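A.B. asks: Just a sequence and a predicted model for now, questions to come.
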Amino acid sequence: MKAWKNTEEIFAKKLGLIRVKRTDYSSSEPDCYNDYFVLEAKERKQGFPRLIEKAFIQCEGYVDKLFKRDGIKRIPLVGLHKWHTVNGYYVVVKLSDFIKIIKEKK
């Protein structure tokens with residue numbers, strides 16, 4: 001199985017999504033979806049933004065520091081903003097933490 005297909009399978013399984021298995025690429029379809037989410041999966045060997053990786057390392061350090069201070073375990077988030085845009089705000093969360101959030105809401 002190609003790496004990108006495997007990535008889609010992993011996301012679908014962990015998030016309870018339906019993976020769209022396509023043979024006809026003449027029309028646009030999502031990679032995975034359910035009644036709440038639509039997921040577009042991306043797999044990169046290179047080009048994974050170093051900014052995101054460094055931000056998570058920094059944020060996880062703060063999570064540990066605050067835990068030592070007050071005993072509360074927090075979830076690290078990375079906030080991104082595309083320069084000079086009004087709606088270009090994004091929050092990035094690790095898959096394992098996102099699954100925790102979903103399970104708590106059930």
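C.D. replies: Noted; the coordinates are in hand.

A.B. asks: Then Lys42 would be within a strand, right?
C.D. replies: No - the assignment for Lys42, made by DSSP: H, G, I helix; E, B strand; the rest coil, is coil rather than a strand.

A.B. asks: got the phi/psi numbers for it?
C.D. replies: phi -130, psi 140 (degrees, to the nearest 10).

A.B. asks: Let me see the domain layout of this structure.
C.D. replies: 1-43, 46-106 (automatic domain parsing).

A.B. asks: is Val93 in a bridge, and if so with what?
C.D. replies: Leu77 (DSSP bridges).

A.B. asks: Give me the neighbour count for it.
C.D. replies: 15 (other Cβ atoms under 10 Å). Where you see a C-beta, it was placed from the backbone N, CA and C, and this is true even at glycine.

A.B. asks: His84 versus that one, what's the distance?
C.D. replies: 25 Å (Cβ to Cβ, to the nearest Å).

A.B. asks: repeat for Ile57
C.D. replies: 27 Å.

A.B. asks: same question, Ser96
C.D. replies: Relative to His84, Ser96 is positioned 33 Å away (Cβ to Cβ).
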